[in-house]
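*Asks:* All I have is the shape, not the residue letters:
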Ligand code: C5P
């Protein structure tokens with residue numbers, strides 16, 4: 001094979017419980033991940049120009065609002081491919097093309113998704129045959145959300161979010177996502193969360209999974225799930241981007257079963273009863289001030305998968 005394309009989903013966090021700041025700069029989490037039908041595609045191809053002096057790993061990015069995505073060695077997909085080559089014990093070459101639909105710096109793990117897709121694509125392109133357990137280990141070194149993008153579905157993440165236990169869900173859930181102009185930096189949002197807690201004199205408790213949320217997922221009960229959604233990063237995202245308050249309020253006013261900031265934001269997620277309700281709500285939310293556009297999706301969907 002001279003080119004492999006992998007399709008990889010975005011995630012929304014159904015519960016994001018954030019513990020105190022750890023000494024290593026991370027926070028212990030209970031992170032209920034849910035993969036939704038909004039996909040990036042990563043193609044890994046053998047370089048055709050035969051330019052042996054060129055960098056072994058090169059990357060191009062296509063799609064809207066991709067100006068903030070680095071096309072240097074810092075690109076998460078490049079870092080993932082490099083880590084895979086190192087694990088295999090030799091250097092490999094690949095040209096990576098990322099076609100983005102997942103919002104950039106939007107709190108939907110788009111960069112992590114591209115890293116996961118690059119691992120799957122290069123494992124195939126280079127004929128390494130590494131098992132998924134090995135890819136999961138490499139993924140966890142690249143970023144806390146990368147292992148989930150390999151797994152997909154719905155799962156509880158603990159530790160930094162990288163230790164995953166898959167969850168069976170009793171149905172399909174329908175979503176509207178309100179995309180905002182510009183992104184929010186994940187470390188900045190975690191930092192703001194710590195600052196707000198310090199200001200309020202609050203010590204975060206050890207994070208635990210919500211029994212109501214897990215039961216709602218098992219039973220496929222969208223109404224109960226809507227009431228159980230929670231995100232400890234939401235106050236920090238709202239503090240840094242106050243216009244999101246209006247976006248969330250508009251969704252609730254127009255009948256969303258639940259509304260929350262997705263991960264570190266600024267994307268907002270709205271749970272609704274059906275695909276029809278999702279289309280109706282997206283039309284309304286897309287016109288709210290501060291919202292760039294609104295899109296519909298459903299979950300759960302599988303993780304990074306070879307598409308061709
Ligand atoms: O793991 P990843 O590189 O995606 O994390 C990005 C940043 O988000 C970290 O540098 C850290 O500031 C913050 N983070 C955290 N606790 C976590 C996961 C991420 O503080 N569990």
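*Replies:* Ah, there it is. Since the model is a prediction, treat every value here as computed from it, not as a measurement.

*Asks:* Residue ranges in the stretch 1-150 of the chain under the pLDDT threshold?
*Replies:* Applying pLDDT under 70 to the predicted model, the residue ranges of the stretch 1-150 of the chain that meet it are 1, 50-52.

*Asks:* Could you list the contact residues of it toward the ligand?
*Replies:* 25-27, 29, 143-145 (C-beta under 6 Å from any ligand atom). C-beta: built from backbone N, CA, C; applies to glycine.

*Asks:* Paired strands for whichever strand or helix holds residue 10, with orientation please.
*Replies:* Residue 10 belongs to strand 3-21 when assigned by DSSP states H and E. Neighbouring strands of strand 3-21 in its sheet, by DSSP bridges, are strand 27-45 (antiparallel), strand 230-231 (parallel), strand 305-306 (antiparallel).

*Asks:* any chance of the ones you listed in TSV, plus mean neighbour count?
*Replies:* Formatted as TSV, the entries for the strands paired with strand 3-21 read as follows, by neighbours: other C-beta atoms under 10 Å:
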stretch	mean neighbour count
strand 27-45	24
strand 230-231	20
strand 305-306	15
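
*Asks:* what residues go with each domain of the protein?
*Replies:* Domain assignment of the chain by automatic domain parsing yields the ranges 3-167+302-306, 173-298.

*Asks:* Going by residue numbers, what spans are helices in the protein?
*Replies:* Under the criterion DSSP state H, helices of the chain are mapped to 76-88, 110-125, 132-142, 146-151, 186-200, 211-219, 222-228, 234-240, 244-253, 275-285.

*Asks:* most packed of these?
*Replies:* A comparison of the helices of the chain by mean neighbour count, using mean count of other C-beta atoms under 10 Å, puts helix 110-125 on top with a mean of 29.

*Asks:* helices or strands up against that one?
*Replies:* Of the remaining helices and strands, those touching helix 110-125 by 3 or more C-beta pairs under 8 Å, 6 or more residues apart in numbering; DSSP states H and E are strand 3-21, strand 27-45, helix 76-88, strand 94-99, helix 132-142, helix 146-151, strand 305-306.

*Asks:* how about a cut-off of 10 Å?
*Replies:* With contacts taken as 3 or more C-beta pairs under 10 Å, 6 or more residues apart in numbering; DSSP states H and E, helix 110-125 sits against strand 3-21, strand 27-45, strand 57-62, helix 76-88, strand 94-99, helix 132-142, helix 146-151, strand 305-306.

*Asks:* Nearest to residue 215, out of the strands paired with strand 3-21?
*Replies:* For the strands paired with strand 3-21, the distance to residue 215 is smallest for strand 27-45, at 12.4 Å, taking C-beta to C-beta.

*Asks:* tell me the angle that closest one makes with helix 76-88.
*Replies:* Per axes from the mean of the first three to the mean of the last three C-alpha atoms, to 10 degrees, the angle that strand 27-45 makes with helix 76-88 is 90 degrees.

*Asks:* Can you give the distance of stretch 210-217 from its chain's centre?
*Replies:* On the basis of C-alpha atoms, centre = their mean, to the nearest Å, stretch 210-217 sits 21 Å off its chain's mean C-alpha point.

*Asks:* what mean pLDDT does it have?
*Replies:* When pLDDT is averaged over stretch 210-217, the result is 98.

*Asks:* go on, stretch 192-202?
*Replies:* Per-residue scores along stretch 192-202 average to 97.
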